[in-house]
Each structure stands twice: as C-alpha cells, then as structure tokens.
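> show me the folded form of this:
(one chain, ligands or ions: 1)
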Amino acid sequence: MEQLLFILAIELVVIAFVVWIAWSGVVGAPWLPTPKKRVRSMLEFAKVTSDDILYDLGSGDGRIIIMAAKEFGAQSIGIEVDPLRLWWSRRSIRRHNLSQKVEVIRANFFKVSVEDATIVTLYQGYKINKKIRDKLASELKPGARVVSYRFILEEWTPSETNEEESIYLYIV
Ligand SMILES: C[S@@+](CC[C@H](N)C(=O)[O-])C[C@H]1O[C@@H](n2cnc3c(N)ncnc32)[C@H](O)[C@@H]1O
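Okay, the predicted model is just below:
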C-alpha cells in the first residue's frame, strides 16, 4: 500500500511538472526560438536605438531582449511564462553583464501593461495575435513600433514587410 502511494505521488509530481512546463502552449505559442539572424533583421527593420524601450512578448531564452540591449543599446524587458526559459534567460542576462539594461518578468503577457514600450516584438501565432493586437491598440502610444515574426496582425496594415524573412513592421 505504501509503495502504491509512493508511485502515485511520483506520478502526480511528474504530471504537475509537465503541465507547468507546457503551460505556455496553452496561454500562447510554445517555445520556438527565432533564428539569431532573423532577430538581428527584426531589430534592424524596426531601427532600434538606445532611446528605445523594447518589450518582447513571450521572450523565450531572451535572445531578442539580449541582442536589443547588447547590439542596439535599447532598454529591454521580456515577459515569459515558461519557468525553464525564464531561468535560462536570466542566466544569459547575467552572463552578458546586462542586468542594468535587461530584465525578464515572469508573467502572462496579457496581464502586464506595455504602455511605456516604444517597440514590441513578438513571435506568437495567428489566433493569439488578434488578442495581442487589441492589447497593443489600447496600451501603446502613437508612434510605437510592433515587429512580428512569421505572423501578421490581422486588420492592421504593415508599414513595411520583409516577405523573404517573414518580418512585419507596424507603426501604431
Ligand atoms: C515562439 S516562442 C518565441 C520566443 C522568443 N520571443 C523568440 O523569438 O525567440 C513563444 C514564447 O512565448 C511564450 N509565451 C506564450 N504565451 C505566453 C504568455 N501568454 N505570456 C508569456 N509568455 C508566453 C512561450 O513560453 C515561448 O517562450
């Protein structure tokens, strides 16, 4: 009986861990990193400078926020729900000595205001982008740029498109 309870407890822990890790796929896109070459193209496309405050919605391993700060001088904030990516991205930020310029918030990005952003980057999905578009429309200041990788923001007209690399730039 004790052995059975022990096995049951282990199973419950494993199930809880899997749900914990897979949660990002429920509230948005699962982790799939943007290739670094594309990250650079996105940041160049949006003309990121040291005057910018950049938010990456679903920041994964932190590659966008780290490059935005390191190569373009922007203040960068990532919002990430997956605890493993969050841990990894914080580790990379420390490794690059960027703790003054880059931070990651563990949260569902729908629950965090991005009203101070001058640039928002995202790599999510068609369906969730509709919800994101409404959030951005209500929070961003006029002139803010939104760069989406692979998926458009329906009903918004991109101010520029890089078809070859699937990068869409919008100006609010
Ligand atoms: C396709 S990956 C992109 C990661 C990173 N932005 C990049 O381009 O390499 C999507 C990320 O969004 C995260 N995510 C999905 N829904 C989210 C939500 N509602 N709030 C915070 N993070 C979310 C996932 O955990 C995943 O790391």
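
> my read: residue 45 touches residue 147, true?
Yes. The pair residue 45 / residue 147 is scored as a contact, 6.3 Å apart, by Cβ atoms under 8 Å. Any C-beta I mention is one placed from the backbone N, CA and C, and that applies to glycine too.

> the chain: strands as residue ranges?
In the chain, the segments counted as strands under DSSP state E are 53-57, 75-80, 102-106, 119-122, 145-149, 160-162, 167-171.

> tabulate those (CSV), appending mean pLDDT.
Formatted as CSV, the strands of the chain follow (pLDDT from 0 to 100):
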stretch, mean pLDDT
strand 53-57, 98
strand 75-80, 98
strand 102-106, 97
strand 119-122, 98
strand 145-149, 98
strand 160-162, 95
strand 167-171, 97
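
> any chance of those in JSON lines, plus mean neighbour count and distance to residue 31?
Listed next are those as JSON lines, based on neighbours: other Cβ atoms under 10 Å; distance: least, Cβ to Cβ, whole Å:
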{"stretch": "strand 53-57", "mean neighbour count": "26", "distance to residue 31": "13"}
{"stretch": "strand 75-80", "mean neighbour count": "25", "distance to residue 31": "9"}
{"stretch": "strand 102-106", "mean neighbour count": "19", "distance to residue 31": "14"}
{"stretch": "strand 119-122", "mean neighbour count": "27", "distance to residue 31": "14"}
{"stretch": "strand 145-149", "mean neighbour count": "24", "distance to residue 31": "14"}
{"stretch": "strand 160-162", "mean neighbour count": "15", "distance to residue 31": "23"}
{"stretch": "strand 167-171", "mean neighbour count": "20", "distance to residue 31": "19"}
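
> and stretch 61-75, how far out from the chain's middle?
Remark: stretch 61-75 is offset 12 Å from the chain centroid, using Cα atoms, centre = their mean, to the nearest Å.

> in that stretch, what counts as buried?
By 16 or more other Cβ atoms under 10 Å, the buried positions in stretch 61-75 come out as 61, 62, 63, 64, 65, 66, 67, 68, 69, 72, 74, 75.

> so where do the helices sit in the protein?
All helices of the chain, identified by DSSP state H, fall at 2-27, 36-45, 63-72, 83-95, 126-139.
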